[in-house]
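Engineer: The sequence and its predicted three-dimensional model are supplied below.
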Amino acid sequence: MREFKCPHCGQLSAFEDSECNRCKQRLMFDPENMAMVGAESALECVNRNIIGCNWCAVASAPYCLSCSLTQVIPTTQNSHNVFLWTRVEEAKRRLIYDLRRLRLPIASAGGFQLAFEILSDEHGPVLTGHESGLITVNLAEADDVQREIRR
Ligand SMILES: [Zn+2]
Ligand SMILES: [Zn+2]
């Protein structure tokens, strides 16, 4: 993962940073431009306050590119679910970053669209797997998400 720069002061920042470690301005990752941007140039993904997503919202949408690919989220009354969901989304943002860096499609004209369901098994068994672009993640297997995504 390459390093990014704070748009305000030029300090190097990491992909996961949501604030500049020098000037303390809020930072967001913009996957369109593959760069960090500040709050003056984009809106924050609404999941920022819930799962610490540090990406900027897609224009006219409340969610970022990565979060908007998640069609189903686990029940969030359970704080452990939120913790695991946070980890899954972190791994997913790295995946989307890699897809964009390699110029691989997230959606194709043929109708293929990468999408995710992140489910907890409180309501029945959930099998982690994928079928025509829809990736189902069992929260209980959050540790294995990175591996499954790379298949
Ligand atoms: Zn800065
Ligand atoms: Zn997001």
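Structural biologist: On my side now, so go ahead. Residues are numbered from 1 along each chain as shown. Ligands and ions are numbered 1, 2, ... in the order given.

Engineer: Checking my notes, Cys56 in a strand, right?
Structural biologist: Yes - counting by DSSP: H, G, I helix; E, B strand; the rest coil, Cys56 falls inside a strand.

Engineer: Three-state assignment for the most centrally placed residue in the chain, please.
Structural biologist: When Cα atoms, centre = their mean is applied to the chain, the residue found nearest the centroid is Arg93 (3.4 Å). What three-state DSSP gives for Arg93 is helix.

Engineer: so what's the nearest residue to it once chain neighbours are set aside up against?
Structural biologist: In space, not counting the residues next to it along the chain, Arg93 is nearest to Ser66; the distance is 4.7 Å by Cβ to Cβ, 6 or more residues apart in numbering. Yep, even glycine has a C-beta here, placed from its N, CA and C like the rest. With contacts defined as Cβ atoms under 8 Å, 6 or more residues apart in numbering, Ser66 is in contact with Pro31, Cys53, Trp55, Glu89, Lys92, Arg93, Ile96.
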